[in-house]
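> Need coordinates for the following:
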Amino acid sequence: MTETISAEAFQRDEVQALAAHSSPSVSDASPRQADEIDDVARRVSETYSSNKPIVSSFGKSVVQQRDGALRTVRFLLRRVATAGIAVVGVLIALVAWDQYNAGPWTRDARVRVQVASVAPEISGKITELRIVDNQFVHKGDILYVIEPFDFDVALRTNKAVLQQRMADLNVKELQSERRRRLSDLASSTEEKQVYEGSALQAKAAVDSAQQQVRQAEINLRRTEVRSSVNGIVTNLLLREGDYAHQGATTVSIIDTDSYWIDGYFEETKLARLCVADRTEAKLMGYSAPIMGHIATVTRGVSVSNAAASTQGLPNVDPVYTWVRLAQRVPVRIAIDNVPPGVPLVSGLTATVTIRDGKEGKSGTLLDRVRAELETSFLGLTGQASARPGCIPSPSSLSP
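Coordinates of the predicted model:
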């Protein structure tokens, strides 16, 4: 019994000596040193296998301190991560609120274009068709030709009539001139007036024949129907042999020089729009934006309540007083630059964003963010002040 107690005491002394030699104080011990102490204890226990394993209380204390510190760090990291996620969520909500509810942009936009309706000024059978569907034509190009025979005959006939009238005028002017030179004894005053009147009538007939010749020449030129604009032939249903009626549209040409975009903005966003503001329009399916600027703002939208109903009384629609739908106002956007590969097709939908040039203004980022949020929320509540001089008043437009 005494030998066992002595062996255990010797083992404890050896372990404590090694611990004191490795680490002067408990507070200075590192996890690595604690592991070394545990290894020493295990080796000593293995050396004296007849005794029970020795476990270092010092090593246990260091491990417990390390685990407690790790738990504290993890707890703090969870709290910081939760607070950061909450802040990021609030910022995303504010940005989304500004972007989707108060920002000067709209998904409700359409590409528009002028269409030239070509109609013949004369009637006749089409003998030659020089265009195909979706073909680009220049201003003045011949689209189709109407049978010119009848109009050529009319021109020749009118020219012959003109020559006849000119010959008659020549004879009557000579007769009038001879009567004018005779004395009153040879020719009476009445006779002179008759011949002079005949010469004037012949001259009027010549003038009329000249106008008829000019009309016949114009009608002959009109047998060649030409394009009035630079554009693309669309929805062509005409073919050779069809009969073209005077004034009836036969060919429609999209004027490629007249493209624009109509953006339908909510009335709550008009205070943030200004004529000449820079715009970006993205068509569905294309990432490159079409650059432009605000040209005009429509000054009138149809009001359904103004329509007369039975007995001429106004037809007023019932509404929910707690729900107000913002009216959309058309804004015309002139196109300045179209990226390569982006086609302009009338009727395509676009997303239009207004860039008013505030990015380059002075002020800190916090000041710009605060001003943007104030404008957004005040705009939604109807308290935002409009930018002065952006949309001209009707009185300033009058001459």
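
> would you say residue 97 is within a helix?
Yes. Assessed by DSSP: H, G, I helix; E, B strand; the rest coil, residue 97 belongs to a helix.

> Tell me if I'm right that residue 315 and residue 303 touch.
No. Taking contacts as C-beta atoms under 8 Å, residue 315 lies outside contact range of residue 303: 10.6 Å. All C-beta spots, glycine's among them, are computed from the backbone N, C-alpha and C.

> for this structure, what spans make up the strands?
Ranges of strands within the chain are 105-112, 115-118, 124-129, 136-137, 142-146, 224-226, 231-234, 243-244, 251-255, 260-266, 278-283, 290-297, 328-337, 349-355, based on DSSP state E.

> give the contact list for the most centrally placed residue in the chain.
With distances taken as C-alpha atoms, centre = their mean, the residue of the chain nearest its centroid is residue 281 (3.2 Å). Applying C-beta atoms under 8 Å, 6 or more residues apart in numbering to residue 281 gives the contacts 109, 261, 263, 289, 290, 292, 333, 350, 351, 352, 353.

> So residue 306 versus residue 267, what's the distance?
Look at residue 306 and residue 267: by C-beta to C-beta, to the nearest Å, they are 17 Å apart.

> ok, the two, which is more surrounded?
residue 267 (13 against 9; other C-beta atoms under 10 Å).

> so that one touches residue 329, yeah?
Yes. If you go by C-beta under 8 Å, residue 267 and residue 329 touch, sitting 6.0 Å apart.

> give me the beta-bridge partners of residue 224?
Judged by DSSP bridges, the bridge partners of residue 224 are residue 145.

> That one - how many residues pack around it?
14.

> which ones are touching it?
Per C-beta under 8 Å, 6+ apart, neighbours of residue 224: 142, 145, 146.

> Look at the last one and say how many residues are nearby.
If I follow you right, that is residue 146. Using other C-beta under 10 Å, residue 146 has 22 other residues around it.

> now swap in the second one and tell me
Using other C-beta under 10 Å, the number of residues around residue 145 comes to 16.

> separation between it and residue 225?
7 Å.

> returning to what we had before: compile the strands of the chain into CSV and extend it with columns for distance to residue 169.
Formatted as CSV, the strands of the chain follow (distance: least, C-beta to C-beta, whole Å):
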stretch, distance to residue 169
strand 105-112, 57
strand 115-118, 41
strand 124-129, 34
strand 136-137, 46
strand 142-146, 34
strand 224-226, 34
strand 231-234, 48
strand 243-244, 38
strand 251-255, 44
strand 260-266, 57
strand 278-283, 67
strand 290-297, 58
strand 328-337, 58
strand 349-355, 67
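
> Which of these sits closest to residue 175?
Residue 175 sits nearest to strand 124-129 of all the strands of the chain, at 43.4 Å, using C-beta to C-beta.

> when you compare where the closest one runs with where strand 142-146 runs, what's the angle?
Taking axes from the mean of the first three to the mean of the last three C-alpha atoms, to 10 degrees, one finds strand 124-129 and strand 142-146 inclined to each other by 130 degrees.

> Next one: the residue nearest to residue 251 when sequence neighbours are not counted relative to residue 137, how far apart?
In space, and not counting its chain neighbours, residue 251 is closest to residue 118: 4.2 Å by C-beta to C-beta, 6 or more residues apart in numbering. According to C-beta to C-beta, residue 118 and residue 137 sit 10 Å apart.

> Next, show the common contact partners of the two.
Counting by C-beta under 8 Å, 6+ apart, the common neighbours of residue 118 and residue 137 are 143, 227, 253.

> what about the first one, how many neighbours?
In terms of burial, residue 143 registers 24 neighbours under the definition other C-beta under 10 Å.

> what about it, distance to residue 87?
Noted for residue 143: a distance of 66 Å to residue 87, by C-beta to C-beta.

> for the last one, same thing?
To residue 87, residue 253 is 58 Å away according to C-beta to C-beta.

> Compare these two (neighbour count), which wins?
Neighbours of residue 253 and residue 87, each counted by other C-beta under 10 Å, are more numerous for residue 253; the result is 26 against 10.

> Which strand residues bridge that one?
residue 116, residue 233.

> Tell me the spacing between it and residue 226.
Taking C-beta to C-beta as the measure, residue 253 and residue 226 are separated by 11 Å.

> Next: residue 107.
41 Å.

> State the number of residues packed around residue 274.
That count, for residue 274 with other C-beta under 10 Å as the rule, works out to 20.

> For it, which non-adjacent residue is spatially closest?
Nearest non-adjacent residue to residue 274, counting by C-beta to C-beta, 6+ apart: residue 390, 3.3 Å away.

> how many other residues sit next to that neighbour?
Count around residue 390 with other C-beta under 10 Å applied: 17.
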